[in-house]
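> generate coordinates for the sequence data below:
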Amino acid sequence: MSMQRAFHSIYAHGFIRAVVCTPFVRVSDPRFNVERILSLARRASELNAAVALFPELGISAYSNEDLFHQDALLDATEAALSRLVEESESLTPVLLVGAPLRFEGKLFNCAVVIYRGRVLGIVPKSYLPNYREFYEKRQFTSGRAAVSREMRFLNSRVPFGADLIFRALNVEDFSLHVEICEDLWTPIPPSTYAALAGATVLANLSASNITIGKAKYRRDLCASQSGKCIAAYLYSAAGPGESTTDLAWDGYALIYENNELLAEAGRFSAEEQVIAADIDLERLAQDRMRMTSFNDTVTDHRDRVRAIRWVEFEFQVPTGPIGLMRTVERFPYVPINPAERDERCFEAYNIQVHGLMKRLKSSGIERLVIGVSGGLDSTQALIVAAKTMDRLGLPRKNILAYTLPGFATSDVTRRNAHGLMDALGVTAGEIDIKPSCLQMFKDIDHPFARGEEVYDITFENVQAGERTSHLFRLANLHNALVLGTGDLSELALGWCTYGVGDHMSHYNVNASVPKTLIQHLIRWVINSHEFDEKTGAILQSILDTEISPELVPAFLDDREKSVKKAIQSTEETIGPYELQDFNAYYITRYGFRPSKVAFLSHAARSDKQRGPWPDLLPAEKHREYDLPVIKKWLEVFLYRFFKISQFKRSCLPNGPKVGSGGSLSPRSDWRAPSDSEAEVWPEELRRNVPG
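Modelled structure (predicted):
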């Protein structure tokens, strides 16, 4: 397959497609039921699914009661299964279907695992409910009572037991375990041991009847099991057609991945349903690899885990482009759901405030010094400082805030800085750093001191250094702490002046807050009316101003005498922050290959009309990027992050960790050598991403 075709398939990036089906059933009519199962299995195959799950006892229907002891029904069930196995030869997914099966003179409630004309294994239900409306022990025997570990079925010997994991030899981390309904409701479901042994996809064939409030509890069970087991959890339930003698069924189906709901069916639907979602096996493997407590639990249950049996098969991977059937949020640090976003913003602010409160209390210092540029980061830090003083019962005048204009400071940012300081009621000051910078240029014999328009890195860093030097000496003078303002995005890209520069402070409240989240935090402050309208207008002006370090002056075209380049643009140099924050999240949080990050970024960003946007983000900021642009800026990220910036992250000031995947502190989430080679990342990107 060409690079182009391979890149655009989910199966090239560690995903598999899972489908859960709710077919019509007729009670005691296996011939009808298998045709409905086949119909939905073909739909799953058309979707290029790797696994398709059906409800408990779906071949016979669940509500047969004592009819399960009728040989005619059991014979018809086996005949229907034989047809399903034969027809499965041309179907893409592994099929998981439920049936009552005789074995060892007992009747078991079973899941039959079928793939490409073979029965890979049969899994009996371990825990039979026999309380309230359930009387399963009247008809069935627990799988734990089986003597043999194999059974003869349809002229073949197949593995039998709840201790089976079905592993695709040619698809990394595609390992499937099956349990049945009540098994999940027990304190230690069989799938727990399977997950500890390596199963990543846990499937539950259920016929669970519905009562008021039960749906939420089922969701909670599936979410919790997927989270605790760091696994995908697929759940089916019986739907239209089951007998309603004393019960009713809602046909609910769910797909979870590590506590995240990926797909769910409608409840009480009169129609058959098929839900599908793409499971990120690499994400699960990455999280398990990191989670020491998960692996410690394996050690605690080593004997039980070692006893798990593996059934291996070769999965025929679907070919051609297969687009991602999964929501990839454009802003991974910012939930799309407004309620979740508001909660995230509330938590972020309070984490920052409480971290700063503790630092001030423990140091016995009651004043802060902060440089206010009129940009996003210093705005966020100043708001946090103001809230911190309020919580501590200290006057906001204890915040000594300074604008420090240099050679490229614009009127807009300077005006915004003064307006914000005035609105928040802090002690405001201004120090022109140009004289001290000129002295430095003279001291080091920089061409700018001789009137030459040389705007090199030294020109920029002298200004950044003078600002920081002034702030630290002001802190000495006023017995205060210097509050840092630089954010996570800048640290990831090394976009900060090392040591005596914006890299350094006594405490940095923004150190684990990415630029895109800061933008949404400020939008949230405006929208929630945390401050008066005047302050809100200033904050909006700050949001509308292009991101710039303002260290290089604008220059004029000599012929046209017009502004050729209005300001120094950060994003023209290091890339759009909305792309780079996306890259940082998936590279640092999950350790994904660059090609997979590009695939996800393309899925999220290639079409601005596809999928929802954060409601507070103006329409003019709804941007889309094609694959070559995504690849270009990802390569910039890889070079800056892995090759040239780690030494800055190795000696960061203290600052509170705010979110998952949101810290590059060497004392918290990220420890890396400063002098490692970095070629494996861009090489992987170039090798596997077209364009």
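> burial count for Asn476?
11 (other C-beta atoms under 10 Å). Placement of C-beta: from N, CA and C, glycine included.
> give the next helix or strand downstream of the helix or strand where it lies.
Assigned by DSSP states H and E, Asn476 belongs to helix 457-478. Once the chain leaves helix 457-478, the next helix or strand it forms, by DSSP H and E, is strand 481-484.
> contacts for that next one next, please.
356, 359-360, 363, 365, 367-370, 381, 385, 468, 471-472, 475, 502, 504-511, 653, 655 (C-beta atoms under 8 Å, 6 or more residues apart in numbering).
> mind listing the strands that strand pairs with, and their directions?
strand 368-371 (parallel), strand 507-508 (parallel) (DSSP bridges).
> redo those strands as TSV? Include distance to Asp675 and mean pLDDT.
Compiled in TSV, the strands paired with strand 481-484 are given as follows (distance: least, C-beta to C-beta, whole Å; pLDDT from 0 to 100):
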stretch	distance to Asp675	mean pLDDT
strand 368-371	31	98
strand 507-508	25	98
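> just say helix, strand or coil for Ala277.
strand (DSSP: H, G, I helix; E, B strand; the rest coil).
> where does it land on pLDDT?
Note on Ala277: pLDDT of 98.
> you'd agree it is up against Met325?
Yes - in this structure, Ala277 is within contact of Met325 by C-beta atoms under 8 Å, at 6.3 Å.
> the two: which is more packed in?
Shown here are Ala277 and Met325; by other C-beta under 10 Å, Ala277 has more neighbours (26 against 19).
> and that one, what does it touch?
17-18, 255, 257, 262-263, 325-326.
> could you do Asn295 as well?
With C-beta under 8 Å, 6+ apart, Asn295 has these contacts: Arg288.
> buried sites along the helix or strand hosting it?
Asn295 is located in helix 292-300, with elements delineated by DSSP H and E. Across helix 292-300, burial judged by 16 or more other C-beta atoms under 10 Å covers 294, 298.
> could you dump that helix to PDB, C-alpha only?
Provided in PDB are the C-alpha atoms of helix 292-300 (Å, rounded to 0.1, in the frame of the first residue of the first chain):
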ATOM      1  CA  THR A 292       3.100   1.600  37.800                       C
ATOM      2  CA  SER A 293       0.100   0.800  40.100                       C
ATOM      3  CA  PHE A 294      -1.500  -1.200  37.300                       C
ATOM      4  CA  ASN A 295       1.600  -3.300  36.800                       C
ATOM      5  CA  ASP A 296       2.000  -3.700  40.600                       C
ATOM      6  CA  THR A 297      -1.500  -5.200  40.600                       C
ATOM      7  CA  VAL A 298      -0.300  -7.700  38.000                       C
ATOM      8  CA  THR A 299       2.400  -8.800  40.400                       C
ATOM      9  CA  ASP A 300      -0.200  -9.200  43.200                       C
END
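> chain center to it, what's the gap?
23 Å (C-alpha atoms, centre = their mean, to the nearest Å).
> show me which residues of the next helix or strand after that helix are buried.
For helix 292-300, the following helix or strand on the C-terminal side (DSSP H and E) is helix 302-306. Within helix 302-306, the residues scored as buried using 16+ other C-beta under 10 Å are Val305.
> neighbouring contacts of helix 302-306?
193, 196-197, 298.
> try it again at 10 Å.
Under the criterion C-beta atoms under 10 Å, 6 or more residues apart in numbering, residues 163, 188, 192-198, 297-299 lie in contact with helix 302-306.
> report the contact partners of Thr516.
330-334, 487-489, 576-582, 584-585, 614, 617.
> find me whatever residue is spatially closest to Ser674, sequence neighbours aside.
Phe647 (4.1 Å; C-beta to C-beta, 6 or more residues apart in numbering).
> right, and that neighbour touches Tyr498 too?
Yes - using C-beta atoms under 10 Å, Phe647 makes contact with Tyr498 at a distance of 7.5 Å.
> and these two? Which one has more around it.
Using other C-beta under 10 Å, the more surrounded residue of Phe647 and Tyr498 is Tyr498, with 16 against 12.
> which ones are touching the nearest residue to the more buried one once chain neighbours are set aside?
Among residues not flanking Tyr498 along the chain, Lys648 sits closest, at 5.4 Å (C-beta to C-beta, 6+ apart). Neighbour list for Lys648: 486, 490-491, 493-499, 501, 503, 664, 674 [criterion: C-beta under 10 Å, 6+ apart].
> select only the buried ones of these in PyMOL?
For the buried members of the contacts of Lys648, the matching PyMOL selection, counting by 16+ other C-beta under 10 Å, is:
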select buried, resi 486+490+491+493+494+495+496+497+498+501+503+664
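> quick check, nearest of the contacts of Lys648 to Ile431?
Using C-beta to C-beta, Gly501 comes nearest to Ile431 of these, at 16.3 Å.
> do you know how far Leu202 is from Trp185?
14 Å (C-beta to C-beta, to the nearest Å).
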